[in-house]
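K.L.:
Predicted structure and sequence below. I'll ask about it afterward.
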Protein chains: 2
Amino acid sequence: MRHSPLNSNPLLIISLTSRPTAVNLFWALDRISRTAEENKVLLAEALEIIAEDKAMCRAIGQHGMALLNENDTILTHCNAGGLATSDYGTALAVMFSAHKAGKQIQVYADETRPLLQGARLTTWELMQAGIDVTLICDNMAAQVMKEGKIQCVIVGADRIAANGDTANKIGTYNVAILAEAHGIPFYVAAPTSTLDFALETGAEIPIEQRAAEEVTKGFGKLTAPEGVKVYSPAFDVTPAALVTAIITEKGIARAPYTENLNALRDS
Amino acid sequence: MRHSPLNSNPLLIISLTSRPTAVNLFWALDRISRTAEENKVLLAEALEIIAEDKAMCRAIGQHGMALLNENDTILTHCNAGGLATSDYGTALAVMFSAHKAGKQIQVYADETRPLLQGARLTTWELMQAGIDVTLICDNMAAQVMKEGKIQCVIVGADRIAANGDTANKIGTYNVAILAEAHGIPFYVAAPTSTLDFALETGAEIPIEQRAAEEVTKGFGKLTAPEGVKVYSPAFDVTPAALVTAIITEKGIARAPYTENLNALRDS
């Protein structure tokens, strides 16, 4: 990022260092920062981003719902809904759009340890919308798939490399492997601002490590021995080979991703 | 079970209806019940079971440690240690034996939602024994495997069908699929009393369903919306095709299991 008065703004510095994995946060910060340099009005630019984000969410929903059949049950992981965006979200946009269009759908939501975004946020959003949602622990996903309960998986993304490798909340890669093992399509829903063409593959995406206490004391009381070693990556990278399709606001991309994501971007 | 005065014992009835998936509980109850019928001393029989269980745990440990190489890191799920048996446990027996024999090993323990047996019990047992253990959330297993950190998986079993299909704590089937996807051996450690030759395959094993509150309020406070639907199977069945070997007190069985488990039983 170029030097500007805003670059020394403490809030901006905190935001820039908050989340190494997600790329569209940097995209928005950069856009705001550049606008400030050019002496435009920050508020107007922020409002413009919100309006664009809403339209983008709706477009993702419209493109994605074409992938759903009547009575499909969808598994999702973490939260990629209205609480994470300005409107319908990304993965949840597909469900909201399908529901609004009168399609009968059901959803299973992984609770998403350690921070329980699925249990706390996703189930709440879907219940508010009147969508039939069932909460499961992350480790129940394979059993639910084996029982034939799931027709597809839809998740969001924090960053997508040029080849389609997708960084998302920890556990997404687990779910992608389980989906493949059960012959279930695995869809990623994300705006094209999430595409990072500077990265050839997902191997270059940095993975944020989180504090042990989120795992051992995530619910207000200690649920593991004092001093136990903890490994807690906040994200993982799902190889493009496990991704059936990427749903963006500009349309749906399938393999080969390097070629087809490029084409989408330029469309 | 035949009718006896003990069969109308309320404690026995509770025990018999407590856990549909685990078979060796019924085996012990039946043995105690038959002994009572024959007017033998219950305590003596219980002590005999403990002595046999100890010897069995040690034998599992001895057979299993031959599968470990120096500096191996093992992933385990749930708790199959001394807190679940009379001595070394089953899966953990392999680790305790290897450690005692001077092998350098490390362990990753899945926390095992919803009841956190891995976080609360397994890490504690391994730490007490001076074994290097790291706690992870269940959904981090694939990432840990991808990073090359795991050389094998060892889990216990609640019931093993004649063909090697293995019922164990929910999430075991997830781990088995992830291990297969990463080319990592997946071992089941269990006494031959866990083998249920009356069941041809695991499809016949009943799966206990648990209360929603264990998922939504497992830590003393509500961590999901009031009234959310929850699906909570307590166990899952791992198909024999994903099991590299079954470690018993009589030795190690590999596929074809129907043949080789039979041979083990009769040995």
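P.N.:
Yep, that arrived.
K.L.:
any chance you could map the helices in the stretch 51-200 of chain A?
P.N.:
Along the stretch 51-200 of chain A, the segments classed as helices by DSSP state H, counting those that start in this stretch run A:91-100, A:117, A:123-128, A:141-146, A:172-181.
K.L.:
Mind putting these into CSV with distance to chain B and mean pLDDT?
P.N.:
Yep, even glycine has a C-beta here, placed from its N, CA and C like the rest. Output for these, formatted as CSV (distance: least, CB to the nearest CB, whole Å; pLDDT from 0 to 100):
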stretch, distance to chain B, mean pLDDT
helix A:91-100, 15, 98
helix A:117, 11, 97
helix A:123-128, 5, 98
helix A:141-146, 4, 98
helix A:172-181, 4, 98
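K.L.:
Out of these, flag the one nearest B:Gly82.
P.N.:
Nearest to B:Gly82, of all those, is helix A:141-146, at 27.6 Å by CB to CB.
K.L.:
Packing partners of that closest one?
P.N.:
strand A:73-76, strand A:106-110, helix A:172-181, helix B:172-181, strand B:235-238 (3 or more CB pairs under 8 Å, 6 or more residues apart in numbering or on different chains; DSSP states H and E).
K.L.:
Those: which one's closest to B:Asn163?
P.N.:
That would be strand B:235-238 among the helices and strands packed on helix A:141-146, by CB to CB, at 11.0 Å.
K.L.:
Contacts made by that closest one with the rest, please.
P.N.:
For strand B:235-238, the external contacting residues (CB atoms under 8 Å, 6 or more residues apart in numbering or on different chains) are A:140, A:142-143, A:146, B:21, B:158, B:165-174, B:176, B:186, B:188, B:202-203, B:205, B:207-208.
K.L.:
which among the residues you listed end up buried?
P.N.:
A:140, A:142-143, A:146, B:21, B:158, B:165-174, B:176, B:186, B:188, B:202, B:205, B:207-208 (16 or more other CB atoms under 10 Å in any protein chain shown).
K.L.:
following the helix or strand of chain A with the lowest mean pLDDT, which helix or strand shows up next?
P.N.:
When the helices and strands of chain A are scored by mean pLDDT, DSSP states H and E, helix A:10-16 comes last with a mean of 68. Next in sequence after helix A:10-16, counting helices and strands by DSSP states H and E, comes helix A:24-37.
K.L.:
in that following helix, what counts as buried?
P.N.:
So for helix A:24-37, counting by 16+ other CB under 10 Å, buried means A:Asn24, A:Leu25, A:Phe26, A:Trp27, A:Leu29, A:Ile32, A:Ser33, A:Thr35, A:Ala36.
K.L.:
other SSEs contacting it?
P.N.:
By 3+ CB pairs under 8 Å, 6+ apart, helix A:24-37 packs against helix A:10-16, helix A:42-65.
K.L.:
where's it relative to the chain centroid, distance-wise?
P.N.:
20 Å (CA atoms, centre = their mean, to the nearest Å).
K.L.:
Enumerate every residue touching the nearest residue to A:Ile150 once chain neighbours are set aside.
P.N.:
Once flanking residues are discounted, A:Ile150 sits nearest to A:Leu75: 4.7 Å by CB to CB, 6 or more residues apart in numbering or on different chains. For A:Leu75, the contacting residues are A:107-110, A:141, A:144-145, A:150, A:152-154, A:175, A:179, A:184, by CB under 8 Å, 6+ apart.
K.L.:
now with 10 Å?
P.N.:
With CB atoms under 10 Å, 6 or more residues apart in numbering or on different chains as the criterion, the residues that contact A:Leu75 are A:107-110, A:134, A:136, A:141, A:144-145, A:149-155, A:175, A:178-179, A:184, A:186.
K.L.:
Now a ChimeraX select for only the buried ones of the residues you listed.
P.N.:
Remark: buried members of the contacts of A:Leu75, expressed as a ChimeraX selection using 16+ other CB under 10 Å:
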select /A:107,108,109,110,134,136,141,144,145,150,151,152,153,154,155,175,178,179,184,186
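K.L.:
Only C-alpha atoms, please: export stretch A:133-142 in PDB.
P.N.:
Extracted C-alpha coordinates of stretch A:133-142, given in PDB (Å, rounded to 0.1, in the frame of the first residue of the first chain):
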ATOM      1  CA  VAL A 133     -31.700 -25.700   9.800                       C
ATOM      2  CA  THR A 134     -30.200 -28.500  11.900                       C
ATOM      3  CA  LEU A 135     -27.000 -28.000  14.000                       C
ATOM      4  CA  ILE A 136     -24.400 -30.700  14.100                       C
ATOM      5  CA  CYS A 137     -20.900 -30.900  15.600                       C
ATOM      6  CA  ASP A 138     -18.100 -30.700  13.000                       C
ATOM      7  CA  ASN A 139     -17.200 -34.400  13.600                       C
ATOM      8  CA  MET A 140     -20.700 -35.600  12.700                       C
ATOM      9  CA  ALA A 141     -20.500 -34.400   9.000                       C
ATOM     10  CA  ALA A 142     -19.300 -37.800   7.600                       C
END
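K.L.:
Which stretch among the helices and strands packed on helix A:24-37 is buried most, on average?
P.N.:
helix A:42-65 (a mean of 17; mean count of other CB atoms under 10 Å in any protein chain shown).
K.L.:
That one vs helix A:24-37, what angle?
P.N.:
150 degrees (axes from the mean of the first three to the mean of the last three CA atoms, to 10 degrees).
K.L.:
just to revisit the earlier point, distance to chain B added to the helices and strands packed on helix A:24-37, as JSON lines?
P.N.:
Shown next, in JSON lines, are the helices and strands packed on helix A:24-37 (distance: least, CB to the nearest CB, whole Å):
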{"stretch": "helix A:10-16", "distance to chain B": "25"}
{"stretch": "helix A:42-65", "distance to chain B": "22"}
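K.L.:
which stretch in those helices has the least confidence?
P.N.:
Per-segment mean pLDDT for the helices and strands packed on helix A:24-37 reaches its minimum on helix A:10-16, at a mean of 68.
K.L.:
Could I get the pLDDT score of the residue nearest to A:Tyr108 when sequence neighbours are not counted?
P.N.:
In space, and not counting its chain neighbours, A:Tyr108 is closest to A:Leu75: 4.7 Å by CB to CB, 6+ apart. Here, the pLDDT recorded for A:Leu75 equals 98.
K.L.:
cool, and the one 5 residues further on?
P.N.:
Looking at A:Ala80, its pLDDT reads 94.
K.L.:
same thing with A:Pro5?
P.N.:
pLDDT at A:Pro5 comes out at 46.
K.L.:
On the strand side of things, show who the residue nearest to A:Tyr108 bridges to.
P.N.:
A:Tyr108, A:Val153 (DSSP bridges).
K.L.:
Could you tell me how far it is located from B:Lys146?
P.N.:
21 Å (CB to CB, to the nearest Å).
K.L.:
The residue nearest to A:Pro233 when sequence neighbours are not counted in helix, strand or coil?
P.N.:
Residue nearest to A:Pro233 in three dimensions, not counting chain neighbours: A:Ile207, with 5.0 Å by CB to CB, 6+ apart. Following DSSP: H, G, I helix; E, B strand; the rest coil, the label given to A:Ile207 is coil.
K.L.:
And the pLDDT for A:Ile207?
P.N.:
93.
K.L.:
do the same with the one 5 residues further on
P.N.:
At A:Ala212, the pLDDT value in this model is 96.
K.L.:
Tell me who's in contact with it.
P.N.:
A:Pro114, A:Ala224, A:Gly227, A:Val228, A:Lys229, A:Val230, A:Tyr231, A:Ser232, B:Thr134, B:Leu135.
K.L.:
Kindly recompute the last result at 6 Å.
P.N.:
Neighbour list for A:Ala212: A:Val230 [criterion: CB atoms under 6 Å, 6 or more residues apart in numbering or on different chains].
K.L.:
May I have the phi/psi pair for the most centrally placed residue in chain A?
P.N.:
Against the mean C-alpha coordinate of chain A, by CA atoms, centre = their mean, the closest residue is A:Gly156 at 2.4 Å. With angles defined as degrees, to the nearest 10, A:Gly156 sits at phi -90, psi -170.
K.L.:
Quick check: closest non-adjacent residue to it.
P.N.:
Counting by CB to CB, 6+ apart, A:Ala80 is the residue found nearest to A:Gly156 once chain neighbours are left out, at 2.7 Å.
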